[in-house]
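Undergrad: When you get a sec, could you give me coordinates for this:
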Amino acid sequence: MRMTQSELASMAGVSQAYVAKLESGKVDPKLSTLEKILSVLRQKEASELKSGDVMVQPVITINPFERLSNAIFLMGKYGISQLVVVRQEKIVGSLSEKSLIRKIDLAEVKKYKDKNVYEFMDDPFPQVTRDESLSSVLELLKNNSAVIVSERGKPAGIITRSDVLGMLKV
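TA: Numbering: from 1, shown residues only. So this is what the prediction gives:
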C-alpha cells in the first residue's frame, strides 16, 4: 500500500508534519487521532484488495450428472452452502442450499434422492479474474451468494458473502 504522508494527513485530518513526527517516534498520538489514522489506513488497504487476495481454495465442485444426495453430502462435509457445477473442467452451473430449499417439496423428499444435480442447478455464479477489485466483488455479492475467481474458464477460487463478512472480524 503506497500513500504519502501528505495524503494520510489530509485524509485523517492532521498535518503532514504531525504524521512525520509520528513516523519518527517524536510524538505519541492521542487515542482518537490514532483511531482516525488507522481507519484511513484500513480503508486504503480494503480499497486495494483484489479478488485473488480473498478467494478461498480449493473450489468444491460437482458434476451435473452426479446425484443430488452427493451434492448435499459435499455441502455438509465441507460446511458450505453452495457448489460450483463443472463438466469437463468448464463451469456450467451452480447449486445452493437456498435454491434447493425453494425447489424441493418436503412432503416428497424421498423422491429427490436419486435425482441428478442438473435437474436443480441454477445459472453459474458470476466470474471475475484474480485482479478484480474487492469493491466490484461486493457489488456482485449483493445479488449472488458467491463469485467465482476463474483462470482460463476454470474455477481457481470462490468468494462468498461469509468470506467477506469474515474479514470484518477483529
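Undergrad: does the spatially most distant residue from the centre of the chain count as helix, strand or coil?
TA: Distance to the chain centre peaks in the chain at residue 26, reaching 40.5 Å (criterion: CA atoms, centre = their mean). With DSSP: H, G, I helix; E, B strand; the rest coil as the basis, residue 26 sits in coil.
Undergrad: ok, now how distant is residue 99 from residue 128?
TA: Using CB to CB, to the nearest Å, one gets 21 Å for the distance from residue 99 to residue 128. Yep, even glycine has a C-beta here, placed from its N, CA and C like the rest.
Undergrad: Name the residue in these two with the higher neighbour count.
TA: Under the criterion of other CB atoms under 10 Å, the comparison of residue 99 against residue 128 puts residue 128 first, with 21 against 16.
Undergrad: Can you give me the distance of the residue nearest to the more buried one when sequence neighbours are not counted to residue 41?
TA: Nearest residue to residue 128, sequence neighbours excluded (CB to CB, 6 or more residues apart in numbering): residue 51, at 5.1 Å. According to CB to CB, residue 51 and residue 41 sit 21 Å apart.
Undergrad: can you check residue 56 too?
TA: Between residue 56 and residue 41 the computed distance is 25 Å (CB to CB).
Undergrad: again with residue 57
TA: 27 Å.
Undergrad: Same drill for the two, tell me which one is more crowded.
TA: Legend: neighbour count by other CB under 10 Å for residue 57 and residue 41, higher for residue 41 (15 against 9).
Undergrad: by contact count, what packs against the helix or strand of the chain with the lowest mean pLDDT?
TA: One helix or strand of the chain scores below all others by mean pLDDT, DSSP states H and E: helix 31-48, with a mean of 80. The contact analysis (3 or more CB pairs under 8 Å, 6 or more residues apart in numbering; DSSP states H and E) places helix 31-48 against helix 5-12, helix 134-141.
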